[in-house]
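Participant: sequence and predicted structure are below.
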Amino acid sequence: MHPTDGLSLDFSGIEMTDSQWNLFAAYDMDVNDNSTLKTFIWNNNPITPPIMAMLSKLKVLQLLSISGSLSEQTILPFADFIESCESITNLVICAGAKPIGAEKCITLMRGLKNAKNVESLVLNDHLFGEEGAMALSDLLMTNKNIRSCEFENNNLKTKDIWFSFLEKLTERGPPLELQWPHEVDELFESKAIDQNDLDHLHDCWTNIQNGSEEQHQDEEGQQQLDFGNEFDAEPEQDEFIAPLDYEVNDRIYDI
């Protein structure tokens with residue numbers, strides 16, 4: 001394969017001990033400084049700080065799939081890692097062997113708000129529920145660099161959840177490619193919503209796809225004003241981080 005085509009590696013479901021994973025990560029950190037790896041699939045393997053440190057060396061990595069890989073201890077370090085990685089644009093975090101519940105979802109969504117590099121997000125088969133769904137809507141309303149979101153089978157079983165979720169996103173501004181939720185069709189088939197409800201939700205979904213140009217322009221104007229005001233702001237002091245066990249880019253974590 002020509003180097004400009006990039007490489008793709010799939011390590012899904014490999015069974016190794018923690019020490020073996022760390023050795024694997026250390027080895028690749030040494031040899032992949034100039035890697036052409038663009039796709040890295042790590043489904044159902046632990047996404048530990050040494051693995052994140054390895055991935056930070058892959059300067060052209062664009063698609064990262066870690067379905068079933070996150071734990072409660074690694075969600076925040078992973079969100080910080082994604083924020084610092086300028087090359088990763090496509091992020092796949094489906095449930096795999098480890099579905100994320102509402103509490104973990106909220107933590108992850110908050111952490112991804114500043115990940116301005118991410119353009120495509122896939123979050124299927126989790127147990128988000130209403131709280132998780134609203135955390136995702138907050139993320140999509142805040143981080144408008146995300147252009148595509150696939151969000152299926154996440155335990156959203158009521159009319160109110162879908163009304164709140166889709167109605168909120170109609171005010172987002174920039175267009176968002178959002179797969180039509182089959183859960184809404186199931187609500188209609190079970191007569192939990194009527195035809196008027198279905199039509200309204202479909203209109204909301206269409207508006208989300210098309211975006212609101214007027215709202216987008218207003219936000220761009222505000223961003224320009226905010227940029228001008230930055231020169232008047234007080235300089236921020238650098239935050240001191242005490243040394244712990246693992247370092248990922250410029251941040252250190254003890255897991």
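Facilitator: Everything's here; your move. Numbering: from 1, shown residues only.
Participant: what about the residue nearest to L187 when sequence neighbours are not counted, which SS state?
Facilitator: For L187, ignoring the flanking residues on the chain, the nearest one in space by Cβ to Cβ, 6 or more residues apart in numbering is I193 at 4.7 Å. Using the backbone N, CA and C atoms, a C-beta is placed for each residue, glycine as well. The three-state label for I193, taken from DSSP: H, G, I helix; E, B strand; the rest coil, comes out as coil.
Participant: how close does I193 get to F165?
Facilitator: Distance of I193 to F165, given as Cβ to Cβ, to the nearest Å: 14 Å.
Participant: do you have the helices of this structure handy? List them.
Facilitator: 18-31, 49-55, 75-84, 102-111, 129-142, 159-169, 182-189, 195-210, 213-229 (DSSP state H).
Participant: point out the most buried one among the ones you listed.
Facilitator: Stretch with highest mean neighbour count among the helices of the chain: helix 49-55 (a mean of 23; mean count of other Cβ atoms under 10 Å).
Participant: other SSEs contacting that helix?
Facilitator: helix 18-31, helix 75-84, strand 246-248 (3 or more Cβ pairs under 8 Å, 6 or more residues apart in numbering; DSSP states H and E).
Participant: which among these is found nearest to L169?
Facilitator: helix 75-84 (21.3 Å; Cβ to Cβ).
Participant: between that closest one and helix 102-111, how many degrees?
Facilitator: For helix 75-84 against helix 102-111, the angle by axes from the mean of the first three to the mean of the last three Cα atoms, to 10 degrees is 20 degrees.
Participant: tell me what helix 75-84 is packed against?
Facilitator: For helix 75-84, the packing partners by 3+ Cβ pairs under 8 Å, 6+ apart are helix 49-55, helix 102-111, strand 246-248, strand 251-253.
Participant: just send those back as JSON lines, with distance to L178 and mean pLDDT too.
Facilitator: Shown next, in JSON lines, are the helices and strands packed on helix 75-84 (distance: least, Cβ to Cβ, whole Å; pLDDT from 0 to 100):
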{"stretch": "helix 49-55", "distance to L178": "27", "mean pLDDT": "89"}
{"stretch": "helix 102-111", "distance to L178": "15", "mean pLDDT": "90"}
{"stretch": "strand 246-248", "distance to L178": "31", "mean pLDDT": "47"}
{"stretch": "strand 251-253", "distance to L178": "32", "mean pLDDT": "50"}
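Participant: list the contacts for N145?
Facilitator: Shown in contact with N145 (Cβ atoms under 8 Å, 6 or more residues apart in numbering): K116, N117, V118, E119.
Participant: cutoff 6 Å now
Facilitator: By Cβ atoms under 6 Å, 6 or more residues apart in numbering, the residues touching N145 are K116.
Participant: can you tell me how far it is from F40?
Facilitator: Taking Cβ to Cβ, one finds N145 at 21 Å from F40.
Participant: cool, D80 as well?
Facilitator: For D80, the distance to F40 - Cβ to Cβ - is 18 Å.
Participant: neighbours of the residue nearest to L187, how many?
Facilitator: If you count neighbours by other Cβ atoms under 10 Å, I193 ends up with 21.
Participant: low pLDDT regions in the stretch 1-150 of the chain?
Facilitator: Scanning the stretch 1-150 of the chain for pLDDT under 70 picks out 1-5, 27-35.
Participant: what pLDDT is listed against the closest residue to K159 other than its chain neighbours?
Facilitator: Distances taken as Cβ to Cβ, 6+ apart place I193 nearest to K159, at 5.1 Å, with adjacent residues excluded. Looking at I193, its pLDDT is 98.
Participant: can you report phi and psi for I193?
Facilitator: Main-chain dihedrals, I193, degrees, to the nearest 10: phi -130, psi 150.
Participant: that one against T158, yeah?
Facilitator: No: the criterion here is Cβ atoms under 6 Å, and I193 misses it with T158 at 9.6 Å.
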